[in-house]
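> Just to be clear, the model below is a prediction. Sequence and coordinates:
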2 protein chains.
Amino acid sequence: MKRVYNFGAGPAVLPESVLQEAQNELLDYRGSGMSIMEMSHRSKEYDAVHEEAIANIREIMGLSSDYAVLFLTGGASGQFAMVPMNLVGDGQFADYTNSGSWAAKAIKEAGTIARVNIAADCGKELPARVPDESDLKLTKGAAYLHITTNETISGAQWKIFPSSEAPLVADMSSDILSRPVDADRFGLIYAGAQKNLGPAGVTLVVINKDLAERVSDSVPIMFRYKTHIENNSLYNTPPCFSIYMLMLVTRWIKSNGGLTSMAEINERKARKLYDAIDAGEYFTGTAAREYRSNMNVTFRLPSEELESRFIAEASDRGMKGLKGHRSVGGIRASIYNAFPEEGVDALVAFMKEFERENG
Amino acid sequence: MKRVYNFGAGPAVLPESVLQEAQNELLDYRGSGMSIMEMSHRSKEYDAVHEEAIANIREIMGLSSDYAVLFLTGGASGQFAMVPMNLVGDGQFADYTNSGSWAAKAIKEAGTIARVNIAADCGKELPARVPDESDLKLTKGAAYLHITTNETISGAQWKIFPSSEAPLVADMSSDILSRPVDADRFGLIYAGAQKNLGPAGVTLVVINKDLAERVSDSVPIMFRYKTHIENNSLYNTPPCFSIYMLMLVTRWIKSNGGLTSMAEINERKARKLYDAIDAGEYFTGTAAREYRSNMNVTFRLPSEELESRFIAEASDRGMKGLKGHRSVGGIRASIYNAFPEEGVDALVAFMKEFERENG
């Protein structure tokens, strides 16, 4: 078996040791005679997995007891609806920042539920960036301020989070657990799992418990955060296998030094690629320098034809998933926590070689 | 490795051959150098899985082109909300039948969204049963009539589906694909995967496409069936691994003769257990005879103490998950499609032995 370098934006690479552990115990979870997939979500074996996953998230993110950790489904797209359903009162505004494709999707969904104010809009700027705090035009009495901490498609990332009177709500789908974050500054953080947490199918929500009390009785029970807090994410059958994988991934993060270490490695991996991009005129980064993402490194070559050739030749060398999102084109190297540094080195070497041969 | 007999009600036993195939290719999906969990949901490999899963469901259920097959998340509990959100017009009633715990949960959620009429209520009857068509008091102009085809907790099952002018909507979570069903009689069928379809984390929805057009613009985009029909269940990142498992399970059903064969085997397995229950006075079935479920066989022993001993001794013999739901007690043997007939034989033998020694 030869594993490739998987630069895909998500569902994305997982730690190989995690996959191996899952493989080893797939038919017989720790001598139980059944797969973790076949177990009751009320069994003592699954309960231990569930509780460890929660404890790992609490420890890694440094969460106080003011916060609940929830495992839901529906991904960020589900949260685009649940956030305003739960948090916006009658006639109240919610402030949103538009930083790109994902923020725009959150804004569109919020518009079906609440009155939305676009506090800042740089969603279509090129080079790509996210707003600065100084850009924000906030609404007095807004239900919350929503940001998308990393734009997977454009490769722009919030480096300094804004302050606001209203609770800060963040879609961290593509950079969750990639760097230390002061969770106390947020009212609610959510993330689809399929970049840094595990396979697709589980959605992490970290919510200030007081905020969850805002919800009106007219919201369906299943879509209230409160329901899931009261039931410790066991109101309905949770996506047990995805949570099990998330537990293994968070265990891997802990044993690799937690978020300080993750950030250091991610910073180093990203710098290698941005240095290669900035080394000459051949490659052009598509995000503005001070907003460049450490998760999704986006760049262009001199022509679309060269980009196609670059992607094809990289693929032949076992570097997969480098094609930029269909809406923007170019190259995108997604280098999440689990992406090995050797893969970055291989890509840097290939970039130099490709420029020599095609420059 | 010794696999046990897993009588759990769900998440439940999966075909061993399916687990083995998943295990074999967990780190390297068909020579791609990555796990199916690590692949883009837009990749050609995942696309083939997704399309085969849909095609298998269409073929097994004999669906006409009037129906869409959707893979959503949130389980039956999510559908308890989505169904009325999508199908009930302003001021319109929805008819629900109360057949037990799961129907009651559907009714409670519908009440947060729509005006609900309880068309029949035998939810607390003992011996347990589901309503008959003759029990139903339907509302003129109702949005739909909702039934729960199998009550996992009480062990009562609809054998003959009711007719109604309003579209018939069915929660088939615990007996989907266990017997041939004339899908044309239903407007919408939904099922959490974790009994007969695969691991928890994916929800199957089969919907008449015309019905999906009813939805109002005030429903969040993510919670409209229409959105998922238009995007072939790829509006957001789907739970890829759960869908992959469902694909393997449906492939297994096809290669084992489809629903006619499943029904025959399920009928035989259930009859063996009900015959053992009816053989004397020692065991008492808890569902009324003509409503007895072929999926969840529920019965009592002469005392709770004997029930505890029965469960403990069965467990020592590798027969797991026989404890009845905490809300009703007693014994429950869940014998879904993937539960092997040898396990039923082993339980029947143990029942005889237990009665001899404790009777």
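Structure received. What you are looking at is a predicted structure, and each value in this text was computed from that prediction instead of being measured. Residues are numbered from 1 along each chain as shown, chains lettered A, B, ... in the order given.

> All the helices of the stretch 101-250 of chain A, in order from the start?
Here the stretch 101-250 of chain A has its helices, by DSSP state H, counting those that start in this stretch, at A:101-110, A:225-230, A:240-255.

> For the stretch 251-359 of chain A, just list every one of the helices.
Ranges of helices in the stretch 251-359 of chain A, per DSSP H, counting those that start in this stretch, are A:258-278, A:304-316, A:341-358.

> Select, out of these, the one closest to A:Ala12.
Among the helices of the stretch 251-359 of chain A, helix A:341-358 comes nearest to A:Ala12, with 12.0 Å by C-beta to C-beta. C-betas here are computed from N, CA, C, even on glycine.

> can you pull out the strands in chain A?
Here chain A has its strands, by DSSP state E, at A:5-6, A:67-72, A:93-98, A:115-121, A:145-148, A:150-151, A:156-157, A:168-171, A:188-192, A:203-208, A:284-285, A:296-300, A:319-320, A:331-334.

> ok, and the closest non-adjacent residue to A:Leu177?
A:Asn196 (5.0 Å; C-beta to C-beta, 6 or more residues apart in numbering or on different chains).

> that older thread, got TSV for the strands of chain A, with mean neighbour count too?
Listed next are the strands of chain A as TSV, based on neighbours: other C-beta atoms under 10 Å in any protein chain shown:
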stretch	mean neighbour count
strand A:5-6	26
strand A:67-72	23
strand A:93-98	24
strand A:115-121	18
strand A:145-148	28
strand A:150-151	29
strand A:156-157	28
strand A:168-171	24
strand A:188-192	26
strand A:203-208	24
strand A:284-285	16
strand A:296-300	25
strand A:319-320	22
strand A:331-334	24
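
> Make CSV out of those and add distance to B:Phe7 and mean pLDDT.
Listed next are these as CSV, based on distance: least, C-beta to C-beta, whole Å; pLDDT from 0 to 100:
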stretch, distance to B:Phe7, mean pLDDT
strand A:5-6, 40, 98
strand A:67-72, 26, 98
strand A:93-98, 48, 98
strand A:115-121, 50, 98
strand A:145-148, 46, 98
strand A:150-151, 46, 98
strand A:156-157, 50, 98
strand A:168-171, 42, 98
strand A:188-192, 34, 98
strand A:203-208, 31, 98
strand A:284-285, 58, 97
strand A:296-300, 47, 98
strand A:319-320, 43, 98
strand A:331-334, 43, 98
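
> of those, which approaches chain B most closely?
strand A:5-6 (5.1 Å; C-beta to the nearest C-beta).

> How far off centre is that closest one?
Distance of strand A:5-6 from the chain centroid (C-alpha atoms, centre = their mean, to the nearest Å) equals 18 Å.

> Likewise for stretch A:91-99?
Averaging C-alpha positions (C-alpha atoms, centre = their mean) puts stretch A:91-99 21 Å from its chain's average.

> pull the CA atoms of it into PDB?
C-alpha atoms of stretch A:91-99 as PDB (Å, rounded to 0.1, in the frame of the first residue of the first chain):
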ATOM      1  CA  GLY A  91     -37.200  41.800  14.900                       C
ATOM      2  CA  GLN A  92     -33.600  41.700  16.100                       C
ATOM      3  CA  PHE A  93     -30.600  42.000  13.600                       C
ATOM      4  CA  ALA A  94     -27.700  39.700  13.300                       C
ATOM      5  CA  ASP A  95     -24.300  41.200  12.100                       C
ATOM      6  CA  TYR A  96     -22.400  39.200   9.500                       C
ATOM      7  CA  THR A  97     -19.000  39.700   8.000                       C
ATOM      8  CA  ASN A  98     -18.600  38.700   4.400                       C
ATOM      9  CA  SER A  99     -15.100  37.300   3.800                       C
END
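
> and that stretch with chain B, contact?
No - Stretch A:91-99 does not reach chain B (C-beta under 8 Å from any C-beta of the partner chain); its nearest approach is 13.7 Å.

> need the contact list for the residue nearest to A:Asp66 when sequence neighbours are not counted.
What sits nearest to A:Asp66 in space, not counting adjacent residues and going by C-beta to C-beta, 6+ apart, is A:Asn208, at 5.6 Å. For A:Asn208, the contacting residues are A:Asp66, A:Tyr67, A:Pro167, A:Phe186, A:Gly187, A:Leu188, by C-beta atoms under 8 Å, 6 or more residues apart in numbering or on different chains.

> I'm done for today, thanks for sticking with me.
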